[in-house]
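[1] no sequence for this one, just the structure:
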DNA sequence: CCGTTAAGTTATCCTAGCCTAACTTTTTTT
DNA sequence: AAAAAAAGTTAGGCTAGGATAACTTAACGG
């Protein structure tokens, strides 16, 4: 589906989607600032997206996604979000770093990995209960921060999820 | 350290390292086959690595890493391995897919994420005991395969690592 | 020891994706 | 309503990293 788009094209599509969503509109200038490129780069990238029927753009006007473009953008953004949540909420990567990594990694994940990552995030966010951190994750985070082994290692009575 | 090497240069370096290790030698042909590129591409990539003092290469002869090149290659490969183990052993991504994903992802991970990923892999491989799968991971794998919630959700007595 | 084949090399070309400079259109200010 | 500023566009250039075609060197079998 998104497979015939280059990484950079995907970035542009996602940027248009996000800007339209957050600011109410997307323009060449916007997109350029968001992706930290110059305006002519945006213009030529958009030409590609227009040829593929993903974006419409009247001369000197706003950028809009076609419905197909929006579908795609959502899929791309979802990938980004899952990665971000994994990095930030589970691994504990700092927010800005996680954001930047997600941006780059999102282009290189296979569908199978994406699917399993989604499940993994869902698993940790859903069990034991939404908004509670699972014990094993607490233990990991402590281990990551201090090197401290999970307590049940010295607790042969079991029942801590680590046996 | 590896930061002034392009992604592609890193791939070439890693390939030389692996081939030298596995086959006992690395040659242009080898590397080309391994990376699925043509020989001239290898030759020009190697020129870059030679200029950086990472590879030595006598005309029409074998490719060898300098000690600095080997350091770097090891670091790159370590990153690859960590990713692979996470994808394959923890998420459960199929071996070939995990291998391919690791190849691509290894270039896009920040040092912080790498470090945390290393700890995460270490955490799951070390606790409760080497060569035993932690309970929470069992539960995740079951959840991923069947959608089945971990049993302790219905078990309010706690003690399963999910409270 | 010579010819064939395989490996390595060189020259040259191509594309993607960025850039700057210069120009046009639109919007805003006065 | 004209000038100035801001946004958009076009033309053209550059680099990285691939490719092909044609050539050179090395290796090996008869």
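    Happy to help now that I have it. These numbers were taken from a predicted model, which means no experiment stands behind them. Numbers count the residues shown, from 1 in each chain, chains lettered A, B, ... in the order given.
[2] Helices of chain A, start to end?
    A:7-23, A:28-35, A:39-51, A:67-85, A:95-105, A:111-126, A:135-146 (DSSP state H).
[3] Identify each buried residue in the last one, please.
    Buried residues in helix A:135-146, counted by 16 or more other Cβ atoms under 10 Å in any protein chain shown: A:135, A:136, A:137, A:139, A:140, A:141, A:143, A:144. In short, each C-beta sits where N, CA and C put it, glycine included.
[4] That one near chain B at all?
    Yes - using Cβ under 8 Å from any Cβ of the partner chain, helix A:135-146 reaches chain B at A:135, A:136, A:139, A:140, A:143, A:144.
[5] Can you pull up the most central residue in chain A?
    Nearest residue to the geometric centre of chain A (Cα atoms, centre = their mean): residue A:80, 1.2 Å.
[6] if we can go back for a sec, nearest to residue B:27, out of the helices of chain A?
    Relative to residue B:27, the nearest member of these by Cβ to Cβ is helix A:7-23, separated by 31.5 Å.
[7] List the residues that contact the residue nearest to the centre of chain A.
    A:14, A:102, A:103, A:106 (Cβ atoms under 8 Å, 6 or more residues apart in numbering or on different chains).
[8] switch to 6 Å and redo it
    Shown in contact with residue A:80 (Cβ atoms under 6 Å, 6 or more residues apart in numbering or on different chains): A:102, A:106.
[9] what does chain A put close to DNA strand D?
    Contact residues (Cβ under 7 Å from any atom of the strand) of chain A with DNA strand D: A:27-30, A:39-40, A:43-44, A:46, A:57, A:59-60, A:62.
[10] How is chain A divided into domains?
    For chain A, automatic domain parsing gives the domain ranges A:7-72, A:127-163.
[11] between the residues of helix A:135-146 next to chain B, which is closest to DNA strand D?
    residue A:144 (32.7 Å; Cβ to the nearest atom of the strand).
[12] Verify the stated contact: that closest one with residue B:119.
    Yes - under the criterion of Cβ atoms under 6 Å, residue A:144 makes contact with residue B:119 at 4.6 Å.
[13] picking up where we left off before, tell me which of the helices of chain A lies nearest to residue B:92.
    helix A:111-126 (6.0 Å).
[14] any idea of the mean pLDDT in that closest one?
    What helix A:111-126 shows for mean pLDDT is 94.
[15] orientation of that helix relative to helix B:135-146 in degrees?
    For helix A:111-126 against helix B:135-146, the angle by axes from the mean of the first three to the mean of the last three Cα atoms, to 10 degrees is 120 degrees.
[16] about what we covered before: return the closest of the buried residues of helix A:135-146 with respect to residue B:124.
    Closest approach to residue B:124 among those (Cβ to Cβ): residue A:140, at 8.1 Å.
[17] contacting residues for that closest one?
    Residue A:140 sits next to residue B:123 when contact means Cβ under 6 Å, 6+ apart.
[18] if we can go back for a sec, may I see the helices of chain A organised as a markdown table, with distance to residue B:130 added?
    Shown next, in a markdown table, are the helices of chain A (distance: least, Cβ to Cβ, whole Å):
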| stretch | distance to residue B:130 |
| --- | --- |
| helix A:7-23 | 39 |
| helix A:28-35 | 45 |
| helix A:39-51 | 49 |
| helix A:67-85 | 29 |
| helix A:95-105 | 29 |
| helix A:111-126 | 22 |
| helix A:135-146 | 15 |
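[19] Just put the domains of chain A in CSV and tack on distance to residue B:95.
    Converted to CSV, these look like this (distance: least, Cβ to Cβ, whole Å):
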stretch, distance to residue B:95
domain A:7-72, 25
domain A:127-163, 25
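[20] mind checking which of those is nearest DNA strand C?
    For these, the distance to DNA strand C is smallest for domain A:7-72, at 3.4 Å, taking Cβ to the nearest atom of the strand.
[21] can the closest one be found next to chain B?
    No - remark: domain A:7-72 sits outside contact range of chain B, by Cβ under 6 Å from any Cβ of the partner chain, the gap being at least 10.3 Å.
[22] Quick check: end-to-end length of that domain?
    13 Å (Cα to Cα, to the nearest Å).
[23] same deal with stretch A:100-117?
    End-to-end distance of stretch A:100-117: 18 Å, with Cα to Cα as the criterion.
[24] outside of that stretch, which residues touch it?
    A:7, A:79-80, A:82-84, A:86-87, B:91-93, B:97, B:101, B:104-105, B:108, B:110, B:113.
[25] rerun at 8 Å
    Contact with stretch A:100-117 is made by A:7, A:10-11, A:76, A:79-84, A:86-87, A:93, B:87, B:91-94, B:97-98, B:100-101, B:104-105, B:108-110, B:113, B:144, as judged by Cβ under 8 Å, 6+ apart.
[26] Enumerate the positions of stretch A:93-101 that are buried.
    Buried residues in stretch A:93-101, defined by neighbour count with 16+ other Cβ under 10 Å: A:93, A:97, A:98, A:100, A:101.
[27] Mind picking the two most distant members of those residues?
    Between any two of those, the greatest separation by Cβ to Cβ is 9.6 Å, found for A:93 and A:100.
[28] Done for today, thanks.
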